[in-house]
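In: Structure of the sequence below:
(chains A and B)
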Amino acid sequence: MAQLHVDIVSAEGAIHSGEAAMVFAPASMGEVGIAPRHAPLLTTLKPGTVRVKTPSGEVLPFFVGGGILEVQPNLVTVLADTALRAKDADEAAALKAKQDAEEKLAGAKTDMDLAKAQSELIEAAARLEFVKKIKGGSH
Amino acid sequence: MAGAKEIRTKIKSVKNTQKITRAMEKVAMSKMRKAQERMAAARPYAERLRRTLGHLAQAKLEYKHPFTVEREAKRVAFLIVSTDRGLCGGLNMNVFRQTVRAIREWQGKNVEVDLVLIGAKAVSFFRRIGGKVLATATHLGDRPHLDQLLGSIKVLSDAYLEGKIDRVFLVGNTFVNTMTQKADVLQLLPVLPVKTEGMLEQWDYIYEPDAKELLGTVLQRYVESQVYQAVIENAACEQSARMVAMKAASDNAGKIINALQLQYNKARQASITKELAEIVGGAAAV
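Out: Numbers count the residues shown, from 1 in each chain, chains lettered A, B, ... in the order given. Model prediction:
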């Protein structure tokens, strides 16, 4: 019986590599089952479970947070995303990176604020010390 | 016994410094091993992705994604990968020197330059030098995650797709071995064609949902994985550079201690000799 080679990898490490009789994956257009000699296919994955049926009949489940599935006749590659990727989350991350940059460009200003805060703190501490001394004196 | 006490305090302070540098060396050594493992762990993904991209390049595509189209450069962007902390030898300076040289070159051709900075050292360096910064990502820690970088990458790829920038370069250290790290400039966008051998027959994928969207996703992931790879490689470089720098510092501290010890002994001996001479002189006078 023909077999498939399956590689499941994510950006932060390899997850699984081995032979399989059949692979099930949550493609974005609906669940797909890949048997050996499948036509070349390229599709995106939804978050869900990739199930690998090994030649011995065992079923191994792998959770993926989305990604890309590439099928060659005897080779299945799952490029899993490490994080759950929603479009608006990416958008928010981009915005944050921009804001970080703006903040750091105005870094001189934030430094100044820090210095100001520090000098105020020193002044307050000195005042406190003074008050304590006066009180101590009156006892 | 002039100076002996001062020398003793000096020796003590150098010894303390040596303790610190030695501890940092040990810490960097263990962190380096982990960083290298992480670097190795990320490699399969990049390889598989490159293979898929190679397959894609061979499939007869009716559509060209902007990420693969070369445009005339009017404005370029540099993504600079640096560390968050110092005390790692010339690691960051090498990257900055390369970057500044590349920037000068482009500016010489009347091309404007934008920056995206990763790591606190790059941020503080380019705040002094100046330049238009699009995005930054700092404090990634010892274990950088892809999601910490996605924002900056998105800013870059959006600007590229909108036509605001025509080329993106990635500057960072590549890990040669523990003793050697090399600063390198790499073109990130447009994506350079990936060469693959074999499979010359004409064929095409079944695309779900459609080729355009898929190709966009694959290329975006490819760019992300390249940046991620650069960042974790830089992290491994940082630890090994720190280890080497701290070892050199510990050795130098040892040398200084030896020299000071010699000086101290001499001073002590001189004072004893002087005292003896005084006693003998005193006895002779009586």
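In: ranges for the strands of chain B?
Out: Secondary structure of chain B, counting by DSSP state E: strands at B:75-81, B:112-118, B:132-137, B:167-175, B:181-189, B:206-208.
In: can I get the ones you listed in JSON lines with distance to B:Trp106, mean neighbour count and mean pLDDT?
Out: Just so you know, the C-beta spots here come from the backbone N, C-alpha and C atoms, and that holds for glycine as well. As requested, those are arranged in JSON lines below (distance: least, Cβ to Cβ, whole Å; neighbours: other Cβ atoms under 10 Å in any protein chain shown; pLDDT from 0 to 100):
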{"stretch": "strand B:75-81", "distance to B:Trp106": "6", "mean neighbour count": "25", "mean pLDDT": "93"}
{"stretch": "strand B:112-118", "distance to B:Trp106": "6", "mean neighbour count": "23", "mean pLDDT": "90"}
{"stretch": "strand B:132-137", "distance to B:Trp106": "13", "mean neighbour count": "24", "mean pLDDT": "87"}
{"stretch": "strand B:167-175", "distance to B:Trp106": "9", "mean neighbour count": "23", "mean pLDDT": "93"}
{"stretch": "strand B:181-189", "distance to B:Trp106": "11", "mean neighbour count": "19", "mean pLDDT": "90"}
{"stretch": "strand B:206-208", "distance to B:Trp106": "37", "mean neighbour count": "16", "mean pLDDT": "80"}
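In: May I see these organised as CSV, with distance to B:Leu260 added?
Out: Written out in CSV, the entries for those read as follows (distance: least, Cβ to Cβ, whole Å):
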stretch, distance to B:Leu260
strand B:75-81, 40
strand B:112-118, 42
strand B:132-137, 44
strand B:167-175, 36
strand B:181-189, 33
strand B:206-208, 73
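In: so which of these gets nearest B:Gln261?
Out: Comparing these by their distance to B:Gln261 (Cβ to Cβ), the top pick is strand B:181-189, with 35.1 Å.
In: and the closest one with chain A, contact?
Out: No - applying Cβ under 8 Å from any Cβ of the partner chain, one finds that strand B:181-189 is not in contact with chain A, the shortest distance being 15.8 Å.
In: quick one: B:Ala122 and B:Val176, what's the gap?
Out: Using Cβ to Cβ, to the nearest Å, one gets 21 Å for the distance from B:Ala122 to B:Val176.
In: neighbour count winner among the two?
Out: Legend: neighbour count by other Cβ atoms under 10 Å in any protein chain shown for B:Ala122 and B:Val176, higher for B:Ala122 (28 against 11).
In: can you give me the helices for chain A?
Out: In chain order, chain A shows helices spanning A:87-105, A:107-138, with DSSP state H as the criterion.
In: Which one of the ones you listed has the poorest average confidence?
Out: Comparing the helices of chain A by mean pLDDT, the weakest confidence falls on helix A:107-138, with a mean of 54.
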